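**Q** Below are the sequence and a predicted model for it; my questions follow.
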Amino acid sequence: METAHAKPLLTLSNGIPLHTVEADSKETLEKIKNALKEKGFLNL
């Protein structure tokens, strides 16, 4: 980042990290969502 004089990606999202999660089924996606919520990584 220093060499390229780049800023962290968080500056594009106002400090909120954004990620895309894909799954083969809605059930799997729901399990992932619940696990992320339990660990405090997902705030909806």
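**A** Structure received.
**Q** helix or strand for the spatially most central residue of the chain, which one?
**A** By Cα atoms, centre = their mean, the chain has its centre lying nearest to His19, at 3.2 Å. Element membership for His19, per DSSP states H and E: none, as it lies in no helix or strand.
**Q** again, but for Ile16
**A** Going by DSSP H and E, Ile16 is not part of any helix or strand.
**Q** could you give me the average pLDDT of stretch 16-32?
**A** Per-residue pLDDT over stretch 16-32 has a mean of 93.
**Q** Need phi/psi at the residue nearest to the centre of the chain.
**A** Dihedral angles phi and psi of His19 (degrees, to the nearest 10) take the values phi -140, psi 150.
**Q** Leu42: neighbour count?
**A** 14 (other Cβ atoms under 10 Å). Bear in mind the C-beta positions are built from the backbone N, C-alpha and C, glycine included.
**Q** Now do the helices in the chain.
**A** With helices called from DSSP state H, the chain shows them at 26-38.
**Q** need the contact list for Ser13.
**A** For Ser13, the contact set (Cβ atoms under 8 Å, 6 or more residues apart in numbering) is empty.
**Q** That one and Ala35, how far apart?
**A** Taking Cβ to Cβ, to the nearest Å as the measure, Ser13 falls 22 Å from Ala35.
**Q** And Thr11, by the same measure?
**A** 28 Å.
**Q** just Val21 next, same as before
**A** Applying Cβ to Cβ to Val21 and Ala35 gives a distance of 11 Å.
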